[in-house]
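Visitor: got a structure for you, letters missing:
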């Protein structure tokens, strides 16, 4: 595993719970949306692996991850709303 891969793994262990709470907040703590919360976190860490060099040099990795979570949650909420309308 590359040094960056190790960094992503460390970030996962350090920030997973905090990011999960943040995503739960985005979904208003409604239990029926928990699978979407888990999906959002998974997608964010997949993106982190794809952009590992950028994240490794970022001055605030947590802010990068939190911002990615915010965007991913917003995308999921939008998709869910569209499905409900159709």
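Guide: Looks like it came in fine. This one's a predicted model, so the numbers in the text were calculated from it and none came from an experiment.
Visitor: only C-alpha atoms for contact and neighbour calcs from this point on.
Guide: Noted.
Visitor: so where's the protein uncertain?
Guide: Flagging of the chain using pLDDT under 70 yields the residue ranges 1-4, 86.
Visitor: wait, residue 70 touches residue 21, no?
Guide: No: using Cα atoms under 8 Å, residue 70 is not in contact with residue 21, being 11.6 Å away.
Visitor: the two: who's more crowded?
Guide: residue 70 (18 against 13; other Cα atoms under 10 Å).
Visitor: list the contacts of the more buried one.
Guide: By Cα atoms under 8 Å, 6 or more residues apart in numbering, residue 70 lies in contact with 23, 26.
Visitor: mind doing that once more with 10 Å?
Guide: 19, 22, 23, 26, 40, 44, 64, 76 (Cα atoms under 10 Å, 6 or more residues apart in numbering).
Visitor: name the element it belongs to?
Guide: Following DSSP states H and E, one finds residue 70 within helix 61-85.
Visitor: for that helix, list every residue counted as buried.
Guide: 61-62, 64-66, 68-70, 72-74, 76-77 (16 or more other Cα atoms under 10 Å).
Visitor: before we move on, back to that, and the two most separated of the contacts of residue 70?
Guide: Across those, the longest distance by Cα to Cα is 18.3 Å; it joins 64 and 76.
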